[in-house]
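Engineer: Kindly generate the corresponding structure for this input.
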Amino acid sequence: MSEMPKLKDALLEVADKVATLTFNRDDVRNALTGTNLIDDVIDTLDWVEHSSEAHVLVITGAGKGFSSGGNVKDMHERSGIFSGNVEDIAASYKATIQRIPLKFSQISFPVIAAINGAAVGAGFDLTGMCDIRVASTRAKFGENFVNIGLIPGDGGAYFLQRVVGYQRAAELTFTGRLFGAEEAKDIGYVLDVVEPEQLLTHAHELAKEIASKPPYQVRQSKLLMRKAQVMNLPDFLDHTAIVQGTCHHTDDHKQAVAEFVKRR
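Structural biologist: Model (predicted):
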C-alpha cells in the first residue's frame, strides 16, 4: 500500500476502494484560505490519482458546514493571500486557491461531493469541480462573491456554467443569492438530496458502486467526457476508437464478456 499523505486540517480514510476526505476545521467553517485545506486537497488528489487502494474519492466537511471558501476575516484585515498590491494578490491566488481547479482538471478518477452544510464562495466552486454532488437537506449554496465585491477568482465561472448552463450560472453569479438543497437538485446542481444522517451512507453507496467497476474503464470514461468539451467530433471519435480498442484487450473486458456469454 502506498503511503497516505499526512494531512494537517483534514482527515483521510480508505475503505472498499473508496477514499473519504473530510475537512476538519469547523472552527472557521472549513475555510479553504487561512488554513492548510488547500494543500490537503492537492495532496489527496495527487495520492488517489496514483493509488491502487482508492478508485473513487468522496469529499465532505466536519461540523456545520462543507466549506465557507475564503476567510472573510483575513479579507477584512488584508492579511494572508489578500494582502499587498494587485500583482501581489494575483500571485497569491495563483499560488494557492487556483491550484485546486488546475489539479481537478488533471485527475482521472471520479470525485463525489457529499455536501453536509453551507458550501459558499470557493467552497461552492469546489463542489462544482466534482463529478457528482449529493446534499444534505441542511445544505446551502451560493456563488456569492459579488456580495462582498469580488468575482469567482478560483475558477467558479468556468465550472458552474458547465454544470447548470450559462443562463442559470449567470443568474446565480450576478445576484450572489443563497439557495437550498431542493433548488440545487431542481436546477441539476446536485444529484440527490437526503436527510443529514443518511448523507455519507448515500454517498458511500454510490462511490462503492462506481469503485466496483473496472477502474481503467471508469477513468477513461471520465477523461472522454472531459475531452468531449473541447475536441471536435471527428478528432474525439478517433481518440475514442483507440481507447475502445485498448479496452477490448483488457482482462476486465474479456472476463465480463465470458461471464455474460456463460449466463446466456
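
Engineer: Residue 160: what's it in contact with?
Structural biologist: By CB atoms under 8 Å, 6 or more residues apart in numbering, the residues touching residue 160 are 125, 128, 143, 152, 169, 172-173. Yep, even glycine has a C-beta here, placed from its N, CA and C like the rest.

Engineer: Switch the residues you listed over to CSV; also include distance to residue 72 and neighbour count.
Structural biologist: Shown next, in CSV, are the contacts of residue 160 (distance: CB to CB, whole Å; neighbours: other CB atoms under 10 Å):
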residue, distance to residue 72, neighbour count
125, 16, 27
128, 20, 26
143, 16, 25
152, 15, 22
169, 23, 23
172, 19, 24
173, 18, 19
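
Engineer: With only the CA atoms kept, save the helix-or-strand element of the chain with minimal mean pLDDT in PDB.
Structural biologist: Here the helix or strand of the chain ranked lowest by mean pLDDT, DSSP states H and E is helix 72-77, holding a mean of 92. Taking Å, rounded to 0.1, in the frame of the first residue of the first chain, the C-alpha atoms of helix 72-77 are listed here in PDB:
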ATOM      1  CA  VAL A  72     -13.600  36.900   5.300                       C
ATOM      2  CA  LYS A  73     -11.700  37.900   8.500                       C
ATOM      3  CA  ASP A  74      -8.400  37.700   6.500                       C
ATOM      4  CA  MET A  75     -10.000  39.800   3.800                       C
ATOM      5  CA  HIS A  76     -11.000  42.400   6.300                       C
ATOM      6  CA  GLU A  77      -7.600  42.500   7.800                       C
END
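
Engineer: How about residues contacting the very next helix or strand once past it?
Structural biologist: Using DSSP states H and E, the helix or strand that follows helix 72-77 in sequence is helix 86-95. With contact meaning CB under 8 Å, 6+ apart, helix 86-95 is reached by 80-84, 153-154.

Engineer: Can you flag the buried ones in those?
Structural biologist: 80-82, 153-154 (16 or more other CB atoms under 10 Å).
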